[in-house]
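> Got a sequence here, can you build the structure:
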Amino acid sequence: MTTAAAPAPAKVCFSPFIFLRKNLKDDINVIAMADHLEKDEFSIVGRLADVWDWVDSNSVDGTGLTASDRWIDRRVQCPGFSAAMRSVGWLTGESGALIFPKWDRHNSCTAKARSLEREAKRIRRAHCPTTTGQSTDDASDKRQRQRQSIDREEKKQNLPSSSSSSATADPELAAAKVAEEGDFLRAGEPPVEPLRQLARASRPAVKPPPVEPPPVEPPPVEPPPTEPPPTVELRHTWETITRDLSLCGLNMAEKAASYAKQNNSTPERCAAVLSHWKAHPKAWDIGAIYARFKNPHLCGLPPSEGWPKPSGPAAVELITDDAREKQRDQFAEMNADKARAAESRREVDRLAAQYGPALDKLSAEDLIEYLPTGPARVTLLKHGWRAPTIRARMLRTFVNRQE
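Now for the predicted structure:
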């Protein structure tokens, strides 16, 4: 009896982690699998995590996996586990060409990058609750004072003008004003507009002050162009490293430089470490430089590695930078994989055009000789040598035997 061998892991775009939903053991599909296999939910979740870890290491979108159901059962040491996954819709496809549905929704490269960016934004908002430097209570008090000031202005505008009570030089005009005010009061209407007109008429005319023209400034005089000074390439020495450490506030600068020299470091590497420390202010104190130069293991690491865990806004910035760098690396690796896959397809198409007619003339017994064992043999018997999962393998094996 032949057993299906585990497929060799392919170099695909994957991250060192996968996403598992909270309270996965309470999912109805997990409960159905546990009832089907007569096992507890915790063992089902553990086996699912192991299977999904293997899928993330061997596939980008959860398809094209040349493994069998028996191999999955043997991997998780649970007979019938693959059948239980098929019963809840978490596994489809034929044995030898397995498919994990909706894999790219949570565990693709772009989904993981989005989750990392979302977590970095959440941490940034937690460390920076306000952007104006004022608390919520101060802003509320300010809005309340503004509303009260607006209400006072509206009340002043609705009151009668105070100029109606002032004495006027013309008695007839004053008598007419009193009679007009009495008519408005008897009619039940406030004497606002007539009194305003009377106040405007009694005010003396005020001439506006003369407007002086703005002074004319002379045009700026541009300095003559000067040639830039020649750039001088600076070479770092142990003396310059000691001086830079002293300027950064390290009291034992000479001792730190001596430790770095004893640990086979170079002035250029020490300068790069110091530049990385300056590029992330408030992330670490100057004591981190001394500890790094004193430790032989940390002294030999790249400038961006081996630092203690920062805190505050600097931690948010580092997390965001790491997430963006991982995303760039993942996209670069994904593009490289696509380019290699396209080149492989062109090579297979060329072999199919050259040796395909010869393979079509072979019988089923002759074709089986090229795939003696494994799940690919089942695909060969069902779909022939032109099946996508075994097409390249059959052509390359045929060419090697012809040579």
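> which stretches of the stretch 251-400 of the chain have low pLDDT?
Applying pLDDT under 70 to the stretch 251-400 of the chain flags the ranges 311-319, 371-378, 380-383, 385, 389.
> I meant the stretch 51-200 of the chain, not that one.
Low-confidence regions of the stretch 51-200 of the chain, defined by pLDDT under 70, span residues 106, 108-112, 128-140, 154-200.
> quick one: the strands in it?
Using DSSP state E, counting those that start in this stretch, the strands of the stretch 51-200 of the chain run over residues 92-94, 97-99.
> Switch those over to JSON lines; also include distance to R235 and mean neighbour count.
The C-beta positions use only the backbone N, C-alpha and C, and glycine is treated the same way. Output for the strands of the stretch 51-200 of the chain, formatted as JSON lines (distance: least, C-beta to C-beta, whole Å; neighbours: other C-beta atoms under 10 Å):
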{"stretch": "strand 92-94", "distance to R235": "62", "mean neighbour count": "15"}
{"stretch": "strand 97-99", "distance to R235": "59", "mean neighbour count": "21"}
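> Those strands: which one's closest to D56?
D56 sits nearest to strand 97-99 of all these, at 13.9 Å, using C-beta to C-beta.
> Counting by contacts, list what that closest one packs against.
With contacts taken as 3 or more C-beta pairs under 8 Å, 6 or more residues apart in numbering; DSSP states H and E, strand 97-99 sits against strand 92-94.
> Which of the strands of the stretch 51-200 of the chain sits closest to L65?
Comparing the strands of the stretch 51-200 of the chain by C-beta to C-beta, strand 97-99 comes nearest, at 4.4 Å.
> quick one on the thing from earlier: Serialize the strands of the stretch 51-200 of the chain to a markdown table and add fields for distance to L20.
Formatted as a markdown table, those follow (distance: least, C-beta to C-beta, whole Å):
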| stretch | distance to L20 |
| --- | --- |
| strand 92-94 | 21 |
| strand 97-99 | 20 |
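> who wins for proximity to P16 among the ones you listed?
strand 97-99 (22.9 Å).
> List of residues touching that closest one?
Residues outside strand 97-99 that contact it (C-beta atoms under 8 Å, 6 or more residues apart in numbering) are 62-69, 72, 91-93, 379, 389.
> quick one, what contacts S43?
Contacts of S43 (C-beta under 8 Å, 6+ apart): 34, 78.
> Looks to me like it is in a helix.
Yes - counting by DSSP: H, G, I helix; E, B strand; the rest coil, S43 is found in a helix.
> Let me know the distance separating it from R70.
S43 sits 20 Å away from R70, going by C-beta to C-beta, to the nearest Å.
> and if you look at E117?
Using C-beta to C-beta, E117 is found at 40 Å from R70.
> What of P303?
Distance, P303 to R70, using C-beta to C-beta: 50 Å.
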